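Novice: Here you go, sequence then predicted model.
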Amino acid sequence: MVFDYAPAPESRSVVDLRSSYGLFIDGAFVDATGPDRMKTVNPATEEVLAEVGVADAADVDRAVAAARRAHTAVWGAMPGRERAKYLYRIARIVQERARELAVAESLDNGKPIRESRDVDLPLAAAWFFHYAGWADKLEHAGFGPDPQPLGVAGQVIPWNFPLLMLAWKIAPALACGNTVVLKPAETTPLTALLFAEICQQADLPPGVVNIVTGPGATGQALVEHAGVDKVAFTGSTAVGRQIARTLAGTSKRLTLELGGKAANVVFEDAPLDQAVEGIVNGIFFNQGHVCCAGSRLLVQESVHDDVLERLKRRMAELRVGDPLDKNTDVGAINSAAQLARIRELSAAGDAEGAERWSAPCALPDHGFWFAPTLFTGVTQAHRIAREEIFGPVLSVLTFRTPAEAVAKANNTPYGLSAGVWSEKGSRILWMAAQLRAGVVWANTFNVFDPASPFGGYKESGYGREGGRHGLEGYLR
Ligand code: NAD
């Protein structure tokens with residue numbers, strides 16, 4: 001160790017959390033019908049941050065009714081240029097309150113403040129700006145001369161990018177003239193509830209955005225509700241499958257953004273130091289709680305030892321710890337349940353004969369933590385090469401030829417993303433055409449832009465979010 005970093009904590013005082021939150025229905029915070037409450041904890045300390053309501057079917061019904069009234073009376077008929085003003089206003093308030101929202105996100109989710117500040121918040125604002133720009137141009141978007149909103153959208157999101165996933169869902173829905181009922185994940189409801197305050201601050205007409213907190217049963221009540229015209233879901237493939245079954249035979253429209261097991265393919269001609277940064281970003285960004293994480297490293301055999309040596313050296317430098325410290329690279333695992341899942345799959349890696357190496361780092365005593373880890377000697381049959389771990393665990397496989405790389409990369413039930421590292425443009429283009437993945441990054445990884453469509457092949461789901469394509473799921 002040549003030098004050490006002094007602590008650089010972001011201040012918690014920039015966020016003023018209430019001890020208790022209700023549901024946000026028809027423009028106001030209201031109590032849930034039932035007596036149940038949920039606690040949301042800081043996964044880095046296990047401290048309780050706030051209590052939130054648990055919405056039951058009756059609450060979901062109230063929220064859908066409010067969304068329907070708002071759609072019929074106000075939002076659906078409002079000219080796009082007027083809707084755009086609200087979306088621009090929301091985007092600006094998100095920017096103005098970015099520091100507060102970033103701290104709230106890191107507290108509730110466990111992700112490093114550097115990421116919530118520099119990735120989640122700028123992208124969330126960018127999503128609202130992007131779709132604000134579409135609101136008055138829908139007739140030029142390629143969906144016919146006079147595309148119409150669907151009505152009420154029921155939206156269910158996961159815990160890994162709470163505010164960003166909210167933005168991906170709400171911004172296009174509102175731009176197209178739909179109203180929404182959104183259910184955030186049970187472990188990360190806080191930024192959605194702060195967003196509800198932002199809707200009030202922006203004078204958004206009551207009922208255009210409704211937020212119902214609760215567990216999976218609340219999400220189920222929402223997707224099953226007869227008054228919902230469109231369901232947008234981001235989460236696990238198992239739940240996505242269940243929702244697809246529920247909606248089959250109904251007139252409801254559905255888009256699904258599900259899991260992934262992306263291959264990050266490093267050829268021998270790649271700039272290796274740059275590739276190592278991309279591998280680290282691909283799997284350790286957001287503790288690996290990323291649907292498009294580069295969780296399978298496919299490295300050409302001739303550079304395997306070299307890449308592994310550089311990668312371990314780099315991983316040993318990762319700073320794991322307090323999410324609110326601006327020096328932190330890897331924060332806390334989002335929940336005890338997720339930590340148990342990561343441990344279980346890692347143990348399966350050991351049992352099946354792969355070799356585990358973890359970065360030598362001290363982990364805090366409280367909270368949920370897992371050291372950045374890689375497995376070598378992984379075969380395609382191993383569970384850690386097939387199942388989504390959704391944590392900071394990389395499975396390393398090798399290949400000799402481009403054809404073998406493609407065969408191994410595509411040997412997965414998923415198809416959300418992939419990465420290719422090579423100096424040859426022709427090879428990158430050839431690989432991109434062969435890979436069965438919705439997004440292929442070349443000499444970079446985990447880069448997002450609101451103008452670029454994102455979505456899966458196969459069990460990673462269907463429909464696209466982002467860009468012009470993202471409008472399609474919300475228009476008739
Ligand atoms: P999850 O499917 O358990 O939960 C996601 C959301 O669905 C939560 O809000 C949950 O309360 C709700 N839910 C649970 N059961 C439900 C049901 N029966 N009906 C309706 N809603 C229900 O997933 P998770 O563990 O919270 O999230 C991690 C998963 O999400 C990973 O598999 C990851 O790959 C996926 N993900 C995908 C994307 C993408 O864009 N493709 C983005 C982020 C996360």
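Specialist: Sure thing, it's come through. Residues are numbered from 1 along each chain as shown.
Novice: Enumerate the residues of the protein near the ligand.
Specialist: Within the chain, the residues that sit near the ligand (Cβ under 6 Å from any ligand atom) are 156-160, 183, 185-186, 215-216, 219-220, 223, 234-236, 239, 242-243, 257-260, 291, 388, 390, 416, 461. (C-beta placed from N, C-alpha, C; glycine too.)
Novice: Among the residues you listed, which lie within helices?
Specialist: Judged by DSSP state H, the subset of the residues of the chain next to the ligand located in helices is 216, 219, 220, 223, 239, 242, 243.
Novice: Count the residues that sit near the fifth one.
Specialist: Translated: residue 239. By other Cβ atoms under 10 Å, the residues close to residue 239 number 19.
Novice: hmm, back to that, can you flag the buried ones in the residues of the chain next to the ligand?
Specialist: Buried members of these, scored by 16 or more other Cβ atoms under 10 Å, are 156-160, 183, 185-186, 219-220, 223, 234-235, 239, 243, 257-260, 291, 388, 390, 416, 461.
Novice: domain parsing for the chain?
Specialist: Domain ranges of the chain: 12-257+459-472, 263-445, per automatic domain parsing.
Novice: any chance of the ones you listed in TSV, plus distance to residue 5 and mean pLDDT?
Specialist: Rendered in TSV, the data for the domains of the chain read as follows (distance: least, Cβ to Cβ, whole Å; pLDDT from 0 to 100):
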stretch	distance to residue 5	mean pLDDT
domain 12-257+459-472	12	98
domain 263-445	5	98
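Novice: In TSV, list the ones you listed along with distance to residue 453.
Specialist: Shown next, in TSV, are those (distance: least, Cβ to Cβ, whole Å):
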stretch	distance to residue 453
domain 12-257+459-472	4
domain 263-445	8
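Novice: I'd like to know which of those domains is closest to residue 451.
Specialist: Closest approach to residue 451 among those is made by domain 12-257+459-472 (4.9 Å; Cβ to Cβ).
Novice: mind exporting stretch 439-456 as PDB, just the C-alpha atoms?
Specialist: Taking Å, rounded to 0.1, in the frame of the first residue of the first chain, the C-alpha atoms of stretch 439-456 are listed here in PDB:
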ATOM      1  CA  VAL A 439     -27.500  -4.800 -26.400                       C
ATOM      2  CA  VAL A 440     -23.900  -5.500 -27.500                       C
ATOM      3  CA  TRP A 441     -21.200  -3.200 -26.100                       C
ATOM      4  CA  ALA A 442     -17.900  -2.900 -28.000                       C
ATOM      5  CA  ASN A 443     -14.800  -2.000 -25.900                       C
ATOM      6  CA  THR A 444     -17.000  -0.700 -23.200                       C
ATOM      7  CA  PHE A 445     -19.700  -2.100 -20.900                       C
ATOM      8  CA  ASN A 446     -22.800  -0.900 -18.900                       C
ATOM      9  CA  VAL A 447     -23.200   2.300 -20.900                       C
ATOM     10  CA  PHE A 448     -26.800   3.600 -21.100                       C
ATOM     11  CA  ASP A 449     -28.400   6.400 -23.000                       C
ATOM     12  CA  PRO A 450     -32.100   7.400 -23.100                       C
ATOM     13  CA  ALA A 451     -32.000   7.500 -26.900                       C
ATOM     14  CA  SER A 452     -30.900   3.900 -27.200                       C
ATOM     15  CA  PRO A 453     -33.400   1.000 -26.900                       C
ATOM     16  CA  PHE A 454     -32.700  -1.600 -24.300                       C
ATOM     17  CA  GLY A 455     -34.400  -5.000 -23.900                       C
ATOM     18  CA  GLY A 456     -34.000  -8.800 -24.200                       C
END
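Novice: Can you tell me the centre-most residue of the chain?
Specialist: Residue closest to the mean C-alpha point of the chain, counted by Cα atoms, centre = their mean, is residue 161 at 4.1 Å.
Novice: count of neighbours near the closest residue in space to that one that isn't next to it in sequence?
Specialist: Spatial nearest neighbour of residue 161, chain neighbours left out: residue 120 (5.9 Å); criterion: Cβ to Cβ, 6 or more residues apart in numbering. When counting by other Cβ under 10 Å, one arrives at 25 neighbours for residue 120.
Novice: and the gap between residue 120 and residue 175?
Specialist: According to Cβ to Cβ, to the nearest Å, residue 120 and residue 175 sit 20 Å apart.
Novice: Enumerate every residue touching residue 381.
Specialist: residue 352 (Cβ atoms under 8 Å, 6 or more residues apart in numbering).
Novice: Wait, a helix at it?
Specialist: No - read with DSSP: H, G, I helix; E, B strand; the rest coil, residue 381 is coil and lies in no helix.
Novice: Strands of the stretch 51-200 of the chain, residue ranges please.
Specialist: 152-156, 179-183 (DSSP state E, counting those that start in this stretch).
Novice: Sheet-wise, list the partners of the first one with their directions.
Specialist: Within its sheet, strand 152-156 is paired with strand 179-183 (parallel), strand 230-234 (parallel), according to DSSP bridges.
Novice: Now do residue 141 against the ligand, distance only.
Specialist: Here the criterion is Cβ to the nearest ligand atom, to the nearest Å. By it, residue 141 lies 22 Å from the ligand.
Novice: That residue and residue 171: what is the separation?
Specialist: Counting by Cβ to Cβ, the gap from residue 141 to residue 171 is 15 Å.
Novice: bridging residues for residue 376?
Specialist: residue 355.
Novice: before we move on, the earlier item: point out the one among the domains of the chain that comes closest to residue 452.
Specialist: domain 12-257+459-472 (5.4 Å).
Novice: from the middle of its chain, how far away would that closest one be?
Specialist: Domain 12-257+459-472 sits 13 Å away from the centroid of its parent chain (Cα atoms, centre = their mean, to the nearest Å).
Novice: what does stretch 262-274 give?
Specialist: Stretch 262-274 has its C-alpha centroid displaced from the chain centroid by 24 Å (Cα atoms, centre = their mean).
Novice: Tell me if I'm right that the residue nearest to the centre of the chain and residue 291 touch.
Specialist: No - the pair residue 161 / residue 291 is not scored as a contact, 9.1 Å apart, by Cβ atoms under 8 Å.
Novice: Now stretch 133-152: buried residues?
Specialist: For stretch 133-152, the neighbour count (16+ other Cβ under 10 Å) marks 133, 134, 135, 136, 138, 143, 147, 149, 150, 151, 152 as buried.
Novice: With that, I have no additional questions.
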